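Undergrad: Just need the structure, nothing else, for what follows:
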Amino acid sequence: MNGFSNSRSSAVLYLTASNLFLRLLTVLFVILVPRVLGVEAFGAYSAVMAAGAILLTLSDLGSGVILVREAARRPESAAALTSCTLVCRWLIVAVLGGLALAAAGWKRLDPDKHIAFAMLVLAQLGWVSSLTVNALAQSAGDMRPTPFIPLVHSILPGFVGVGLVAMGYSWIWLVAMAVPFSVVGAVSFYRFAVRRCGFQWSWNSRDFRPFLLLIFPIACLTGIYGLTSRIDHLLLAAWTDDRQLGYYRSAYHFVDGFLILSASLLTALLPAMSRAAQADPAELRRLTSRAIHVMALVGLPAVSLVAAWSSPLITFLYGIHYAPAANVLPPLCAASALLLVMAPVGQLLIAANRLKPLLILAAIGLSVNLAANAVLIPRCGFVGAGWATLAAEALGFVLLERVLRQTSPGVSLWRGLSGPLPAFIVFSLALFFLKSHVGWWSSPLALILYLAVLRMSGGLDADDIAWMRSFMTGKNPGP
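TA: Below you'll find the model as predicted:
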């Protein structure tokens, strides 16, 4: 069997397409907001949204992943787990949001910011409710609600708020519009859970303590990962100026783009991997190995293309003023390739409930990232932050391979790379040689050469083609 069912492949295609559509809307929103608000109002709005982003991250702490994993393994406990997750998230938002509002009042911050953050706390109560219901649906393999969460809770109220600000209203309305949309979204997602997932409220205080103990390891892991993904931004903001952080953030958008495909695939696969971890560990290893191999097949040429055309891409998307950002794209692209290949292994260890190795590796990665940024940012600025990211991911790749040898024999990162690696080397050499002679035509020519070398070297066989066909079209290619 190819290890990829019709429902899972359809889910990946649906999530990837919807994520790309949402990404386009988000880019348009990001362009509109600073132009409509102006510099000062945009700074106040950004401060409130940054505090809200931290609150939303803390309200999760991995409980969504645990809900998907455990509900997929034990469907009979899905209602109790969902109820515990809702209560946990509501408490975190209410307590931390209340403390933040009290601190803001004590410090006598700008009243507009105080009011806007209070609105954001109210909106996030509905947002976390929708996220919890979505995790319940994902555990049953239903990915339909996933794209509607950012659409209902973020993008639509954002565009309505921009329209109100353009009409002369205060920037607070840009945040306040999230409250009614959040209420509508939470009610709609709850009704979906009742009708489609058979959810019934099942709260028992005796279940709450075991639930907290269950999510504690993944909560630590999520917190470390969240800090690692933004430590370079924080250090750039502290040690350089806004211009350098702007260059780095504009280039980092490409890293986010590379991870769309990975996130869609792994979100669709996690329920099946969780079930296989209990019922058929061999199937779990096969599924992970196939995902690593496909990520390498697709990810390596993709990051190489972006690195090769970094300067034209940056200036085309952001303008000539952002041209220096192209200097950091090559190391970020290389780090993205490693992230793509390693991502399925993280899901494997989560599905198999082997979180201790992930916690150790995450702590090491955070330490290395922090140390490398501390050395490179003062010397190289935002470009140094890119190389620090690459150094941390390269070390993580080596250590993760050692963990796999001990915990999951038969799964190997090096083996997943070995198939497409010769073709990728030929592809990269051809691309960088041809682009100075035939320009943009070098990209399709290099891709044709890449596929030809893959076929001749055995890096792309019939099973790979069938697996990717099911992945892209949602059709089941059979055994």
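Undergrad: Just list the residues touching Gly185, thanks.
TA: Residues counted as contacts of Gly185 (C-beta atoms under 8 Å, 6 or more residues apart in numbering) are Gly126, Trp127, Ser130, Phe148, Ile149, Val152, His153. Heads up, the C-betas are built off the backbone N, CA and C, glycines and all.
Undergrad: how about 7 Å then?
TA: Gly126, Ser130, Val152, His153 (C-beta atoms under 7 Å, 6 or more residues apart in numbering).
Undergrad: Same check on Phe427?
TA: Going by C-beta under 7 Å, 6+ apart, Phe427 touches Pro301, Ser304, Ala446, Leu449, Tyr450.
Undergrad: Please identify the helix or strand for it.
TA: Taking DSSP states H and E as the criterion, the element that holds Phe427 is helix 421-438.
Undergrad: following that helix, which helix or strand comes up?
TA: Counting by DSSP H and E, the next helix or strand C-terminal to helix 421-438 is helix 442-457.
Undergrad: now the angle from that following helix to helix 421-438?
TA: For helix 442-457 against helix 421-438, the angle by axes from the mean of the first three to the mean of the last three C-alpha atoms, to 10 degrees is 150 degrees.
Undergrad: Quick one: mean pLDDT for helix 442-457?
TA: If you average the pLDDT over helix 442-457, you get 80.
Undergrad: Need the residues that contact that helix.
TA: Helix 442-457 has contacts (C-beta under 7 Å, 6+ apart) with Pro301, Leu305, Pro420, Pro422, Ala423, Val426, Phe427, Ala430, Leu431, Leu434, Lys435, Leu460.
Undergrad: which of the residues you listed sit farthest apart?
TA: Maximum pairwise distance in the contacts of helix 442-457, criterion C-beta to C-beta, is 23.9 Å, between Lys435 and Leu460.
Undergrad: Looking only at neighbour counts, state which of these two leads.
TA: Shown here are Lys435 and Leu460; by other C-beta atoms under 10 Å, Leu460 has more neighbours (21 against 17).
Undergrad: what does stretch 240-248 rub up against?
TA: Under C-beta under 7 Å, 6+ apart, the answer for stretch 240-248 is His233, Leu236, Ala237, Tyr322, Pro324, Ala325, Val328, Ile377, Gly381, Phe382, Ala385.
Undergrad: that older thread, of the contacts of helix 442-457, which is the nearest to Leu174?
TA: Using C-beta to C-beta, the contacts of helix 442-457 come closest to Leu174 at Leu305, 36.2 Å.
Undergrad: which SS state does that closest one fall under?
TA: Secondary structure, DSSP: H, G, I helix; E, B strand; the rest coil: Leu305 is helix.
Undergrad: Between the contacts of helix 442-457, which sits nearest Asp207?
TA: For the contacts of helix 442-457, the nearest to Asp207 is Pro420 (46.4 Å; C-beta to C-beta).
Undergrad: give me the number of residues near that closest one?
TA: Counted with other C-beta under 10 Å, Pro420 comes out at 26.
Undergrad: doesn't Leu300 make contact with it?
TA: Yes: here Pro420 reaches Leu300: they are 5.8 Å apart, a contact under C-beta atoms under 7 Å.
Undergrad: Name all residues that make contact with Trp90.
TA: Leu125, Val128.
Undergrad: Can you name the element that comes right after the helix or strand it falls within?
TA: Taking DSSP H and E as the criterion, Trp90 maps to helix 78-106. For helix 78-106, the following helix or strand on the C-terminal side (DSSP H and E) is helix 111-139.
Undergrad: which is the next helix or strand following that following helix?
TA: Assignment by DSSP H and E places the next element after helix 111-139 at helix 148-150.
Undergrad: Against which helices or strands is that next one packed?
TA: helix 111-139 (3 or more C-beta pairs under 7 Å, 6 or more residues apart in numbering; DSSP states H and E).
Undergrad: Output the contacting helices and strands for the helix it packs on.
TA: helix 39-60, helix 63-73, helix 78-106, helix 148-150, helix 172-176, helix 178-196, helix 242-279.
Undergrad: quick one: average pLDDT of the second one?
TA: Right, helix 63-73. Here the average pLDDT along helix 63-73 is 68.
Undergrad: Then the third one?
TA: Averaging the model's pLDDT scores along helix 78-106 yields 78.
Undergrad: ok, and for it, which residues are buried?
TA: Residues 78-90, 92-93, 96-97, 100-101, 104 are the ones in helix 78-106 that count as buried (16 or more other C-beta atoms under 10 Å).
Undergrad: Determine how far it lies from the middle of the whole chain.
TA: Put simply, helix 78-106 sits 23 Å off its chain's centre (C-alpha atoms, centre = their mean, to the nearest Å).
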